[in-house]
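Asks: coords please:
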Amino acid sequence: MKTAILAIILLVAGPVSAQPTALYTQADREIFQEYLTTIEAYREASMPAILENTALFFLGKPYVAHTLEGSSEELLTVNLREFDCTTFVETVLALSLTTASEVPSFETFLVHLQSMRYRNGAVNGYASRLHYATDWIYENTQRRLMCNLSASLGGVKEEKPLNFITEHREAYSRLKEDDAMLDSIAIMEEMVNRRGGFYYLPKERIKKAANHIPHMAIILFTTAIEGLDVTHMGFAFRKGEQLTFLHASSTGEVKVDERSIEEYTRNQRNTTGIIVAEINPAYSK
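Replies: Here you go, the predicted model:
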């Protein structure tokens, strides 16, 4: 395995003005260059087409949980070799936006990745990362990167408080013995909860709404687990008449699921439904 390297990257575009430290390997740079060569034919395509071909580029890549937890210091971590469900979605989005940009460079990719992963686009410790998926959607909707379609598709409002992280600190290596960081996460949870909840499409309404869910929309699977909003995410993917999803599956790899979104949610006991979002149409060509 090639040794990970730390690189100070001067970000040349986007909302981030600081000079953050990015953690990646030489293999990640090489995969990025391979990706650029592959996606070149789609640079003038629509955003859904770029998203689709970017996601398919990673088919078969291994699923590895907790891929952002490898360092004791919070860094912008890039890993194009393996994914969990969240980093897969973030990576595909950031690469697609890079492809559609005037300067499709690795540095541009870092701009987009950091901007969507961290509050206000700035790495400022563990608590600055957008840990809750609904907070991630909210922040990226506020900066007009995404549009949340859940309410318009017939969604209902879920108002349960989010406190899973602070209630399960032992499951998070950065929080086990760091009371100050735990307090910072608690402040974040309180801020998120003041928004009054989030809209989601209940599982029994998915079948009726399926024809209105865009190809390559971001799909977040909501949960009945106390204190938690979402347990999984991926992209809506149309195979003929079937609306399935493309995701980094905990069963082993990035894949297009055999099941429809409706079937998957119906058979998952704790899954209550889905949140549906898409890249702002302003990014489409």
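Asks: which SS state does the closest residue to T108 other than its chain neighbours fall under?
Replies: Nearest residue to T108 in three dimensions, chain neighbours excluded: T98, at 4.9 Å (C-beta to C-beta, 6 or more residues apart in numbering). Every C-beta, even on glycine, is put in place using the N, C-alpha and C of the backbone. Under DSSP: H, G, I helix; E, B strand; the rest coil, T98 falls in the helix class.
Asks: May I ask you to confirm that T98 is in contact with P104?
Replies: Yes: checked against C-beta atoms under 8 Å, the pair T98 and P104 is within contact range at 5.1 Å.
Asks: And the two? Which one has more around it.
Replies: Higher neighbour count among T98 and P104: T98, with 26 against 18, using other C-beta atoms under 10 Å.
Asks: so what's that one up against?
Replies: T98 makes contact with 104-105, 108-109, 112, according to C-beta atoms under 8 Å, 6 or more residues apart in numbering.
Asks: Q142 - how many residues pack around it?
Replies: Q142 has 10 neighbouring residues, counting by other C-beta under 10 Å.
Asks: The one 3 residues further on now?
Replies: L145 has 19 neighbouring residues, counting by other C-beta under 10 Å.
Asks: Name all residues that make contact with it.
Replies: If a contact means C-beta under 8 Å, 6+ apart, then L145 has 115-116, 279-280, 283 as its contacts.
Asks: Try it again at 7 Å.
Replies: 116, 279-280 (C-beta atoms under 7 Å, 6 or more residues apart in numbering).
Asks: ok so, going back, out of the contacts of T98, give me the one that has the most neighbours.
Replies: Ranked by neighbour count (other C-beta under 10 Å), the contacts of T98 have H112 at the top, with 25 neighbours.
Asks: ok, for that one, nearest residue in space, not its chain neighbours?
Replies: Using C-beta to C-beta, 6+ apart, the nearest residue to H112 is A94, at 3.9 Å.
Asks: Helix or strand for the one you found, just tell me which one.
Replies: Taking DSSP states H and E as the criterion, A94 maps to helix 85-99.
Asks: next structured bit after that helix?
Replies: Per DSSP H and E, the first helix or strand lying C-terminal to helix 85-99 is helix 106-117.
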